[in-house]
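> here is a sequence with its predicted model. Questions after.
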Amino acid sequence: MLQMEAIDDHDSQTLLTVATPAAFEMGSLPTTVITADPSRNDLTAPPKPVIIISPTVAGTYPVVLFFHGFYLHNYFYSDLLNHVSSHGYILVAPQLCKLMPPGGQVEVDDAGSVINWTTENLKAHLPSSVNAHGEYTALVGHSRGGKTAFAVALGHAATLDPSFKFSALIGIDPVAGSNKFMRTDPHILTYEPDSFELDIPVVVVGTGLGPERKNVMPPCAPTDLNHEEFYRECKATKSHFVAADFGHMDMLDDDLPGFVGFMAGCMCKNGKGKKSEMRKFVGGIVVAFLKYSLWGEKAEIRRIVKDPLVSPVRLDPSPELEEASG
């Protein structure tokens, strides 16, 4: 379904009426937030604390694993996760660190353990009329969590059942370290094009301000370790979208609580636009790409690539979609 909306073109020269893909809007399904924690001390408890955001309408829905960024809380992404879930997906967002993040390999292994748990015990925590679709599971991650998602997809989680198959991989401003000499384990970047051994569709979302410093702080998504290099090392089918005027943390919720929330708001260079626009954009790309990858519904993602003005934020460089032959 396409909605008609009058928007300012991103050069502020004229007003255009364009068709806005429905993926950028909230979906029609009501959702609920469920928490599950190892402290339950029962056979269905997850290995790490998780937030589950699920549709409440009876049905069978794909599972989307979402991995948070460095030093962040999973609930900082509530608006974004609700956006995706409202289109018919069960979001599982583990908290992979407490006060301080663990080593990179530990984080990847913990992610694998959570994924195993979803196949065995997720159902016990869902609304009674809701089921997880056994054939479709997607990986999504932001920042260091984006790198974690890639590492899991590439087979670096020693804890993960090796027979487990994923349907899609989405990196939201993924970051592999602070510089080339201080990369997080495991070192997955090869600096060779098309080198990732992945046989699933991949989309990489980047930010134009991620590589820029904020005052004396180092960039949150440094060059050579950010979305550009991740995308370069992917093989088709792959897609790339960059929100030119937004920063590395701009897809988080507004008014984040606590000291960690304060730090999340001041460590990275932020855009001047509304964060709600960035969340709408990121959520829309995730939804449109899941439709493409899981259901073969290709119209929306192709439209965004063909006509970037339908995006809620300015895209630069031009979006890319390289589809595998056949």
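Noted; the coordinates are in hand.
> helices and strands around the longest strand along the chain, which ones?
Counting by DSSP state E, the longest strand found in the chain is strand 130-142. Packed against strand 130-142 by the contact rule (3 or more C-beta pairs under 8 Å, 6 or more residues apart in numbering; DSSP states H and E) you find strand 59-67, helix 104-121, helix 144-153, strand 168-172. From N, CA and C alone the C-beta is placed, and that goes for glycine too.
> adding mean pLDDT, distance to residue 85 and mean neighbour count, write the ones you listed out as TSV.
Formatted as TSV, those follow (pLDDT from 0 to 100; distance: least, C-beta to C-beta, whole Å; neighbours: other C-beta atoms under 10 Å):
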stretch	mean pLDDT	distance to residue 85	mean neighbour count
strand 59-67	98	8	21
helix 104-121	96	15	20
helix 144-153	98	17	27
strand 168-172	98	15	27
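> circling back: would you mind getting the angle between the longest strand of the chain and helix 144-153?
120 degrees (axes from the mean of the first three to the mean of the last three C-alpha atoms, to 10 degrees).
> just checking: what are the partner strands of strand 130-142?
When pairing is defined by DSSP bridges, strand 130-142 lines up against strand 59-67 (parallel), strand 168-172 (parallel).
> got those as JSON lines, with distance to residue 240 columns?
Listed next are the strands paired with strand 130-142 as JSON lines, based on distance: least, C-beta to C-beta, whole Å:
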{"stretch": "strand 59-67", "distance to residue 240": "20"}
{"stretch": "strand 168-172", "distance to residue 240": "10"}
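> out of these, which is closest to residue 198?
Smallest distance to residue 198 across the strands paired with strand 130-142 (C-beta to C-beta): 6.7 Å, for strand 168-172.
> please export the C-alpha coordinates of the closest one as PDB.
Below are the C-alpha coordinates for strand 168-172, written out as PDB (Å, rounded to 0.1, in the frame of the first residue of the first chain):
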ATOM      1  CA  ALA A 168      18.500 -11.700   5.900                       C
ATOM      2  CA  LEU A 169      21.200  -9.500   7.400                       C
ATOM      3  CA  ILE A 170      20.900  -5.800   8.200                       C
ATOM      4  CA  GLY A 171      23.700  -3.600   9.500                       C
ATOM      5  CA  ILE A 172      22.700  -0.200  10.900                       C
END
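> what ranges do the strands span in the stretch 151-300 of the chain?
Counting by DSSP state E, counting those that start in this stretch, the stretch 151-300 of the chain has strands at residues 168-172, 177-179, 182-183, 202-207, 238-243.
> ok so, going back, work out the gap between the longest strand of the chain and the centre of the chain.
Put simply, strand 130-142 sits 12 Å off its chain's centre (C-alpha atoms, centre = their mean, to the nearest Å).
> quick one: low-confidence parts of the stretch 101-250 of the chain?
Applying pLDDT under 70 to the stretch 101-250 of the chain picks out no residues at all.
> if we can go back for a sec, got the helices and strands packed on strand 130-142 as CSV, with distance to residue 234 columns?
Output for the helices and strands packed on strand 130-142, formatted as CSV (distance: least, C-beta to C-beta, whole Å):
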stretch, distance to residue 234
strand 59-67, 18
helix 104-121, 18
helix 144-153, 9
strand 168-172, 9
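> name the SS class of residue 69, please.
coil (DSSP: H, G, I helix; E, B strand; the rest coil).
> grab the nearest non-local neighbour of it.
residue 143 (3.1 Å; C-beta to C-beta, 6 or more residues apart in numbering).
> what is the burial count for that neighbour?
26 (other C-beta atoms under 10 Å).
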